[in-house]
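Undergrad: Take this sequence and fold it.
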Amino acid sequence: MIRILLLTLILVNTVWAVPLDKIIAVVNNEVLLESDLDDMEVTVRQQLRQREAAIPPTDILRKQVLERLIIQQVQLQEAAKTGVRVGDDALNAALRQIAGNNKLSLREFRDALEDDGFNFSSFRESIREEMIISRLRKSQVEDRVIVSDREIDNYIATQAVQGNSSTSYQLSHILISTPEAASPEELQKGQKKLEEVQYLLNSGTDFSQVAMGYSDGQNALEGGALGWRKQGELPTLFAEEVPNLAIGDVSIVLRSASGFHLVKLINKKSEETHLVKQTLASHILIKTDELTTDEDAEKRLNLLRERVVNGDDFAELARAHSNDTGSAIEGGSLGWSSKGAMVSEFEEKMNVLSPGEMGEVFKSRFGWHIIKVYERREQNMAEEFKRGKARQQIRKRKIAEKIESWLRGLRDEAYVEYREQ
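TA: Sure thing, here's the model as predicted:
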């Protein structure tokens, strides 16, 4: 009996000796634990040190990290609801790529992480979550963004009037968020916080420090940094204000459905469009299949190449023998091609040839080829280049705006209950 009692006491004491993982917040029907907050805080501190950025006081840092955790959680919940998944094969491929970027094998990368004190299993799942969120944003926002020709025309016309289509701006941003249909009390609370921010900035406090402590934007922990943005990539709200700022200036207060905004111009630069090198070439393609082996295809092309050397017309042979039906009609002509238009193995063989020269037989992912280069030029692709860049910039701007609005909507709709830390 005494032995049983002693054993019970030991077990009870052992249970009480284990520290409990406190719940710090409830997000919809799931909890965030103090260990989650601690882990992300460690990661954020390391990132700030790597960037040699000032680390805000612990209470401010933990508040921002908790908000980032909440935003992450509502996205993961939305992904689960809409069926967005990342399987082990895709995850392992991503990890191998990360390891390769660090010039390590996956095993070496795992060992290096663990030597630095990271748990590889936790790291692996964090990468899975990042991939899930990326896929969710793509399906819910990015894939739904359409840029029309009219938008491109209007963008180019506006840039021509402003005379600064090639200017890029490096920006930082502070957002004091308010609900979309804010009550007078909520607006007053936002105004009070905005006044504190303006007082600190006017007193000489560094913009990035204020952003870390007060901004509700996605980039708060990066000091509000938005990076470099082309004129067309600027949020619509900033588009008229930013070009008028001098380097180092902070904008007037800008109001949107998301709240109050301040933007600082860190730097700016101008870029010019250059000529594009192009190649005019033709080819003959022999594909392999159940009846045509690699050996057969290579042999047939070598015979055709020999005929060209002996005086037969390349274009006529391409029409008669090439399996690339699209170019065969044109005598094997691929038209004028710019860098990146062809697969890499094809471009490598084409680029070493001089005008008028025919290459040796080689294999690509599509089959066996011979190439003849006719001419090279530098073509002014200004109009195509301009429209392509305009489309990219408009799309990037629209995606950024829609993601911010989408995230704010997810956050506003979520039930969040804070627990005492």
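
Undergrad: Please report how far residue 341 lies from residue 415.
TA: Relative to residue 415, residue 341 is positioned 51 Å away (criterion: Cβ to Cβ, to the nearest Å). Any C-beta I mention is one placed from the backbone N, CA and C, and that applies to glycine too.

Undergrad: Quick check: end-to-end length of stretch 225-236?
TA: Across stretch 225-236, the terminal residues are separated by 18 Å (Cα to Cα, to the nearest Å).

Undergrad: Mind listing what's buried along it?
TA: Residues of stretch 225-236 classed as buried under the neighbour-count rule (16 or more other Cβ atoms under 10 Å) are 225-226, 229-235.

Undergrad: so who does residue 230 touch?
TA: Each residue near residue 230 by Cβ atoms under 8 Å, 6 or more residues apart in numbering is listed here: 167-169, 389, 393, 396.

Undergrad: Tell me which entries of the residues you listed lie within helices.
TA: Judged by DSSP state H, the contacts of residue 230 include 389, 393, 396 as members of helices.

Undergrad: Please enumerate the helices of the stretch 1-150 of the chain.
TA: With helices called from DSSP state H, counting those that start in this stretch, the stretch 1-150 of the chain shows them at 2-17, 34-50, 58-82, 88-101, 106-115, 120-140, 149-162.

Undergrad: which one of these lies closest to residue 261?
TA: Of all the helices of the stretch 1-150 of the chain, helix 58-82 sits nearest to residue 261, with 17.4 Å by Cβ to Cβ.

Undergrad: Let me know the helix or strand that the residue nearest to residue 137 when sequence neighbours are not counted is in.
TA: Counting by Cβ to Cβ, 6 or more residues apart in numbering, residue 137 lies nearest to residue 403, which is 6.1 Å off, once chain neighbours are set aside. With the criterion set as DSSP states H and E, the secondary-structure element containing residue 403 is helix 382-413.

Undergrad: Go through that helix and flag the buried ones.
TA: 386-387, 389-391, 393-404, 406-408, 410-411.

Undergrad: How about stretch 277-292?
TA: Using 16+ other Cβ under 10 Å as the burial criterion, the residues of stretch 277-292 that qualify are 278-286, 288.

Undergrad: can you check stretch 306-317 too?
TA: Going by neighbour count (16+ other Cβ under 10 Å), the buried part of stretch 306-317 is 308, 314-315, 317.

Undergrad: So which of the residues you listed sit within helices?
TA: 308, 314-315, 317.

Undergrad: So which of those is the closest to residue 148?
TA: Nearest member of those to residue 148, counting by Cβ to Cβ, is residue 315, at 39.8 Å.

Undergrad: show me the contacts for the nearest residue to that closest one once chain neighbours are set aside.
TA: In space, residue 315 comes closest to residue 331 once its chain neighbours are excluded; the distance is 2.9 Å by Cβ to Cβ, 6+ apart. Residues in contact with residue 331, defined by Cβ under 8 Å, 6+ apart, are 282, 314-316, 318-319.

Undergrad: Phi and psi next, for residue 331.
TA: When quoted as degrees, to the nearest 10, the phi and psi of residue 331 stand at phi 70, psi 30.

Undergrad: For it, give its distance to residue 357.
TA: With Cβ to Cβ as the criterion, residue 331 and residue 357 are 17 Å apart.

Undergrad: what does residue 333 give?
TA: In this structure, residue 333 and residue 357 are 16 Å apart, going by Cβ to Cβ.

Undergrad: Settle it for me: which of those two has more neighbours?
TA: A direct count of neighbours by other Cβ atoms under 10 Å for residue 333 and residue 357 places residue 333 higher, at 18 against 11.

Undergrad: Just confirm that one contacts residue 319, I think it does.
TA: No: the criterion here is Cβ atoms under 8 Å, and residue 333 misses it with residue 319 at 10.4 Å.

Undergrad: Phi first, then psi, for residue 259.
TA: Per-residue torsions, residue 259: phi 140, psi -150 (degrees, to the nearest 10).

Undergrad: center of this structure - which residue?
TA: Of all residues in the chain, the one closest to the mean position by Cα atoms, centre = their mean is residue 134, 8.3 Å from it.

Undergrad: Tell me the spacing between that one and residue 71.
TA: Residue 134 sits at a distance of 14 Å from residue 71 (criterion: Cβ to Cβ).

Undergrad: Likewise for residue 413?
TA: Residue 413 sits 12 Å away from residue 71, taking Cβ to Cβ as the criterion.

Undergrad: With only the CA atoms kept, save the helix or strand hosting residue 186 in CSV.
TA: Under the assignment given by DSSP H and E, the secondary-structure element containing residue 186 is helix 184-202. Coordinates of the C-alpha atoms in helix 184-202 are reproduced here as CSV (Å, rounded to 0.1, in the frame of the first residue of the first chain):
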residue,chain,number,x,y,z
PRO,A,184,-17.1,56.3,-35.2
GLU,A,185,-15.4,54.8,-32.2
GLU,A,186,-13.2,52.5,-34.4
LEU,A,187,-12.3,55.5,-36.6
GLN,A,188,-11.4,57.6,-33.5
LYS,A,189,-9.2,54.7,-32.2
GLY,A,190,-7.4,54.6,-35.6
GLN,A,191,-7.0,58.4,-35.7
LYS,A,192,-5.4,58.3,-32.2
LYS,A,193,-2.9,55.6,-33.2
LEU,A,194,-2.2,57.6,-36.4
GLU,A,195,-1.4,60.7,-34.3
GLU,A,196,1.0,58.7,-32.2
VAL,A,197,2.8,57.5,-35.4
GLN,A,198,3.0,61.0,-36.8
TYR,A,199,4.3,62.4,-33.5
LEU,A,200,7.1,59.8,-33.5
LEU,A,201,8.0,60.4,-37.1
ASN,A,202,8.0,64.2,-36.6
